[in-house]
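**Student:** Please find the sequence and the predicted model below.
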Amino acid sequence: MMDWGNVMLEEFERWRPRLFAWALANLNQKYERAVANYKRRLFQDLSGTVVEIGPGAGANLPYYSRGVRWIGIEPNPFMDRYLTRQAQKLGMEIEIRRGTGEQLPLPDASADAVVSTLVLCSVSNLASVLAEVLRVLRPGGRFVFLEHVAAPEGTWLRRLQGWLRPIWMRLGEGCQPDRETWIALQRAGFATLDYSGFKAPVPVVSPQIVGVGIK
Ligand SMILES: C[S@@+](CC[C@H](N)C(=O)[O-])C[C@H]1O[C@@H](n2cnc3c(N)ncnc32)[C@H](O)[C@@H]1O
């Protein structure tokens, strides 16, 4: 007999990357308005070769100065059309490379800056991604990030993040709502690391941290 539960799950898994790309491109406007000032400050001084890990549908493209050489490392091929469309709208040249943060397809010390927003929650090996970021950054280069992280221990939100984790990871392409990303950042080996936290107007994936690590 056909196991309809399994069939539906398999179909969902097949469609998930497409659905995720569509949702990122179409449902994030309210969140993006809320973080616009953080992003403006974070991106304003970036120049030269800028590598964005997991750029998704291109929410960050409007914040780059015109002169940057932008390379996006994106594992989900269904993001490409949204990224390309957004770049065309902005008159920006972009280069998309298929890959992951765990193994950046870039030479050592080749980037002036690396950018990550809402990506470190989903990577399968956070320590490897940060080691790769440091490998591809030139000395003095910057890693700029805006990420959602675990709520403080003992809060109801932290408990909720823990309860929801299995289903959230399944629906959200591996996104872990209670990841203590700041600990990995502190251990990664940046020469300096500055970040601050803020409450984002979204359920579950708040608080968030915004900051810069310098190689
Ligand atoms: C929540 S979306 C964020 C997209 C975009 N950075 C933004 O702020 O709108 C997470 C993105 O990370 C990508 N991603 C997931 N795992 C990754 C990995 N291991 N390395 C690089 N990107 C990854 C996903 O395909 C997706 O584009």
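**Tutor:** Sure thing, it's come through.
**Student:** Excluding chain neighbours, give the residue nearest to residue 149 in space.
**Tutor:** In space, residue 149 comes closest to residue 181 once its chain neighbours are excluded; the distance is 4.9 Å by CB to CB, 6 or more residues apart in numbering. All C-beta atoms are positioned from the backbone trio N, CA, C, and that covers glycine.
**Student:** residue ranges for the helices of the protein, please.
**Tutor:** Remark: helices assigned in the chain by DSSP state H are 4-26, 29-43, 80-90, 126-136, 156-171, 181-187.
**Student:** For the nearest residue in space to residue 31 that is not next to it in sequence, which residues are in contact?
**Tutor:** With CB to CB, 6+ apart as the criterion, residue 31 has its nearest non-adjacent residue at 5.7 Å, and that residue is residue 202. Residues counted as contacts of residue 202 (CB atoms under 8 Å, 6 or more residues apart in numbering) are 31, 34, 148.
**Student:** What pLDDT does the model give residue 8?
**Tutor:** In the predicted model, residue 8 carries a pLDDT score of 79.
**Student:** how about the helices of the chain in JSON lines, adding distance to the ligand and mean neighbour count?
**Tutor:** Putting those into JSON lines (distance: least, CB to the nearest ligand atom, whole Å; neighbours: other CB atoms under 10 Å) gives the following:
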{"stretch": "helix 4-26", "distance to the ligand": "6", "mean neighbour count": "13"}
{"stretch": "helix 29-43", "distance to the ligand": "8", "mean neighbour count": "14"}
{"stretch": "helix 80-90", "distance to the ligand": "9", "mean neighbour count": "15"}
{"stretch": "helix 126-136", "distance to the ligand": "7", "mean neighbour count": "20"}
{"stretch": "helix 156-171", "distance to the ligand": "12", "mean neighbour count": "14"}
{"stretch": "helix 181-187", "distance to the ligand": "13", "mean neighbour count": "16"}
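**Student:** Out of those helices, which gets the lowest mean score?
**Tutor:** In terms of average pLDDT, helix 4-26 trails the rest of the helices of the chain, at a mean of 86.
**Student:** got a list of contacts for it?
**Tutor:** Among residues not part of helix 4-26, those counted as contacts by CB under 8 Å, 6+ apart are 56, 57, 58, 59, 76, 77, 78, 79, 82, 171, 172, 173.
**Student:** just the angle between that helix and helix 156-171, please?
**Tutor:** For helix 4-26 against helix 156-171, the angle by axes from the mean of the first three to the mean of the last three CA atoms, to 10 degrees is 110 degrees.
**Student:** Go ahead and confirm residue 180 touches residue 148.
**Tutor:** No: with the criterion set as CB atoms under 8 Å, residue 180 and residue 148 do not qualify as a contacting pair; they are 11.6 Å apart.
**Student:** Who has more neighbours out of those two?
**Tutor:** Summary of the neighbour comparison: residue 180 and residue 148, criterion other CB atoms under 10 Å, with residue 148 having more neighbours (24 against 13).
**Student:** do you know how far the more buried one is from the ligand?
**Tutor:** Residue 148 is 9 Å from the ligand, where distance means CB to the nearest ligand atom, to the nearest Å.
**Student:** List buried residues within the contacts of helix 4-26.
**Tutor:** By neighbour count, with 16 or more other CB atoms under 10 Å, the contacts of helix 4-26 hold 56, 57, 58, 59, 76, 78, 79, 82, 172, 173 as buried.
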